[in-house]
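[1] Kindly return the folded structure for what I paste below:
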Amino acid sequence: MANNWSPPEGHPISLEKAKRLLAGDLGDVLRKILMDCCVALFWFQRRKDNPTILHNGTVTLVQTPKKLLGITAAHILRKYEKDRREQKIRLQLADCVVDDIFERVIAISDRFDIATFEFDRELLANMCKDMVPLESWPPQPPQEGRGIMLAGFPGKERLEKNKLEADFGLFTALGIARIVNDRQITWAVDREYFLKTQTIKNLSPNYDLGGISGGPLISWFETSNYISYYKLSGIITEANATLETVVASRAECINEDGTIVRGVAFI
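    Numbering: from 1, shown residues only. Model (predicted):
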């Protein structure tokens, strides 16, 4: 898609009105949807003197008709697997220690860079965080040039306060899908359309978003009567600071039971 994006013609909400809505209560509602469906995943060395966090990523929670799933990027679990072989480490989801993450894994696809694992209500309660898993199923890809929103936990925003205690700043973005191909969705930072609000700081140039992998990319759709609804479209797998782009793998490869389709070709 070219960078000469313009709003759809004939839409009842003008670009100026959309900006006002997103800078107000509507923007807060959309960010709350993102905040409620994703959680920080991180691991640290199991030592008493200084258990420094080694790496972090993001997990998206989805309630399908069959299972409550945690979904993240495959490379996040591969990195954890490597670190676990080399040293004693412990993994957490928010405030909850999860030592059995690989016993929970349903599928890992290195091709799509997506991994799924089983969640349960007990684990959800133990995270000490109000969560609302995404329930609109099945996933649906966005149209190029139409609205999306995405979120994740950049490692750069991580604040390690005390031993085994850390705060993660949630990155959220509301924008448009720049490129949608048969496997991926790409969002690009577009500073021309940045909103100036008192509560959200603008993204500095070439900001390192490493850590948002595994986060949700959600798309907005409209009926013929302009009634809006949203669906999961992708799982973030790459954030390129130099190019200022975020790439997500299309989530249609995930089945209701958390298995991942092999050799799928999207249209």
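[2] what's near enough to touch residue 222?
    Residue 222 makes contacts with 228, 229, as judged by Cβ atoms under 8 Å, 6 or more residues apart in numbering. In short, each C-beta sits where N, CA and C put it, glycine included.
[3] And it, what's its pLDDT?
    Looking at residue 222, its pLDDT is 82.
[4] With the one 5 residues further on instead?
    The confidence metric pLDDT takes the value 83 at residue 227.
[5] Distance check, it against residue 221.
    9 Å (Cβ to Cβ, to the nearest Å).
[6] Number of residues surrounding the nearest residue to residue 251 once chain neighbours are set aside?
    Excluding its sequence neighbours, the residue lying closest to residue 251 (Cβ to Cβ, 6 or more residues apart in numbering) is residue 139, at 3.7 Å. Using other Cβ atoms under 10 Å, residue 139 is surrounded by 21 other residues.
[7] Quick one: residues contacting residue 139.
    Contacts for residue 139 (Cβ under 8 Å, 6+ apart) come out as 231, 232, 233, 234, 250, 251, 252, 254.
[8] Only C-alpha atoms, please: export stretch 236-249 in PDB.
    What follows is stretch 236-249, C-alpha atoms only, in PDB (Å, rounded to 0.1, in the frame of the first residue of the first chain):
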ATOM      1  CA  ILE A 236       2.900  -9.500  16.600                       C
ATOM      2  CA  THR A 237       6.200 -11.200  15.700                       C
ATOM      3  CA  GLU A 238       8.500  -8.400  14.800                       C
ATOM      4  CA  ALA A 239       9.100  -4.700  15.600                       C
ATOM      5  CA  ASN A 240      11.700  -2.900  13.500                       C
ATOM      6  CA  ALA A 241      13.000   0.300  15.100                       C
ATOM      7  CA  THR A 242      15.000   1.400  12.100                       C
ATOM      8  CA  LEU A 243      12.100   1.000   9.600                       C
ATOM      9  CA  GLU A 244       9.500   2.000  12.300                       C
ATOM     10  CA  THR A 245       7.300  -0.900  11.400                       C
ATOM     11  CA  VAL A 246       5.500  -3.700  13.300                       C
ATOM     12  CA  VAL A 247       4.700  -7.000  11.700                       C
ATOM     13  CA  ALA A 248       2.100  -9.600  12.800                       C
ATOM     14  CA  SER A 249       1.500 -13.100  11.600                       C
END
